[in-house]
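Trainee: Kindly return the folded structure for what I paste below:
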Amino acid sequence: MKDSPVITAAKMMAGEAHQGQMRKYSGLPYIIHPVEVATIVEEAGGTDEMIAAALLHDVVEDCEGYTFEMIADKVSPEVAELVKGMTEASKPEDGNRAVRKEIDRKFLAQQSPEVQTIKYADVISNTKDIRVYDPKFAEVYVAEIKSLLEVIDKGDPKLYEKAKEVVYSS
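Mentor: Purely as a prediction, here's the structure:
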């Protein structure tokens, strides 16, 4: 992965935030996922800010004590905005999984092409892992992602097609 001040700052924060976390599906260190997402974004021609946001896309959602303000201060305000666009809009109190996923789907449909491009990379990474490590949950997850891909079509067209290919392959 290339380096720039914004990417280096994001690498440092992501490494710190995800330290000790393991992937639910594989048991591998969690940091492997954001690095994979960032690599996919970079290979698709994403900007340094998009790569940095890919590294940090789960930090506010999944790591205690991390905020958008912290990302804006330590990395950049633009990266913080991209991460905000990637962070689930729903809360547990909004209802069951189907209700929450519909809230998140509508939220992501309104996001920028840059955010949607990062989401495609996230979908590619997650779908591969979930299919291998949790085939039963994959049935639910893939149905949700198919519905999501119907409404997030503003991002990088090649990455969008790759995400559809991964999701729709059996």
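Trainee: what stretches of this protein score poorly on pLDDT?
Mentor: 170 (pLDDT under 70).
Trainee: Do a quick rundown of the helices in it.
Mentor: Here the chain has its helices, by DSSP state H, at 5-17, 32-43, 48-56, 59-62, 68-74, 77-86, 97-109, 113-133, 135-149, 157-168.
Trainee: Just list what the second one packs against, helices and strands only.
Mentor: Here helix 32-43 is seen to pack against helix 5-17, helix 48-56, helix 113-133 when contacts are counted using 3 or more Cβ pairs under 8 Å, 6 or more residues apart in numbering; DSSP states H and E. Every C-beta, even on glycine, is put in place using the N, C-alpha and C of the backbone.
Trainee: which residues are contacting the longest one?
Mentor: Contact partners of helix 113-133, identified using Cβ atoms under 8 Å, 6 or more residues apart in numbering, comprise 23, 25-26, 33, 36-38, 40-41, 44, 46-47, 49-50, 53-54, 57, 82, 85-86, 108, 111, 137-138, 141-142, 145, 148-149, 152-156, 159-160, 162-163, 166-167.
Trainee: Please determine how far the most centrally placed residue in the chain is located from residue 162.
Mentor: Geometric centre of the chain, nearest residue: residue 122, 4.1 Å, by Cα atoms, centre = their mean. In this view, residue 122 and residue 162 are 12 Å apart by Cβ to Cβ, to the nearest Å.
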